[in-house]
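S.K.: A structural model of the following input is requested.
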Amino acid sequence: MKKLMKSKLIPLLAATPLMWVMVGATPSTVLASGSEHHVRASIVAVGGSGVGGYVNIVQMPGDEGGSRIQVVATGLQPGEEYVSLYYDNSTCDLPGDELGAYTGNAGGIGSTGGRIDDDLDEVDSVSVRVAGTLELLGCADTH
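M.R.: Reported below is the predicted structural model:
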């Protein structure tokens, strides 16, 4: 029985990357619902920084407009200060709008979030940067 299960599982796992390509995505890109009210994207390290994590963006309902963004960054230096910005380009190129500042905790994790005036479809990427120098450490392409 175990051999049968194992023989069925291996081809399925091997086909998973092909399925991502067929739908035009990668495991680190966007997961969105039908009418795109929510996006979750992975933060990809830049320049070997080791920074990762994820970004959640939720469109506010009805006439309210705007979105709520939550950033959870990993691989940070404990006690160091960081800032996340959001952009109207998919590569986290400056200029951007500041979302919030945060400090890496003892486990190298930091988070920020808040409500912004831009709608979900206007936010193309979100970054993790060193506060002060604005050195880019990680970028999440949200579309």
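
S.K.: Sketch out the low-pLDDT regions of this protein for me.
M.R.: Low-confidence regions of the chain, defined here as pLDDT under 70, cover residues 1-36.

S.K.: Just the strands from it, written as ranges.
M.R.: For the chain, the strands identified by DSSP state E occupy 31-32, 38-42, 44-45, 52-59, 67-74, 81-87, 97-103, 110-116, 125-130, 136-141, in order along the chain.

S.K.: Can you give me the distance of A140 to P78?
M.R.: In this structure, A140 and P78 are separated by 22 Å, where distance is defined by Cβ to Cβ, to the nearest Å. No exception for glycine: its C-beta is placed from N, CA and C like everyone else's.

S.K.: and if you look at D119?
M.R.: Noted for D119: a distance of 35 Å to P78, by Cβ to Cβ.

S.K.: Over to H37?
M.R.: Relative to P78, and taking Cβ to Cβ, H37 is found at 35 Å.

S.K.: now do V72
M.R.: According to Cβ to Cβ, V72 stands 16 Å off from P78.

S.K.: again with A101
M.R.: According to Cβ to Cβ, A101 stands 16 Å off from P78.

S.K.: same question, V44
M.R.: Relative to P78, V44 is positioned 22 Å away (Cβ to Cβ).

S.K.: do the same with D141
M.R.: Where P78 is concerned, D141 sits at a distance of 27 Å (Cβ to Cβ).

S.K.: With neighbour numbers in mind, choose between those two.
M.R.: D141 (21 against 12; other Cβ atoms under 10 Å).

S.K.: V46 is in contact with the more buried one, correct?
M.R.: No. Shown here, D141 and V46 do not form a contact pair, counting by Cβ atoms under 8 Å, at 11.9 Å.

S.K.: list the contacts for the nearest residue to D117 once chain neighbours are set aside?
M.R.: Here the nearest residue to D117 in space, its sequence neighbours aside, is G66; by Cβ to Cβ, 6 or more residues apart in numbering that works out to 5.0 Å. Neighbour list for G66: 60, 115-119 [criterion: Cβ atoms under 8 Å, 6 or more residues apart in numbering].
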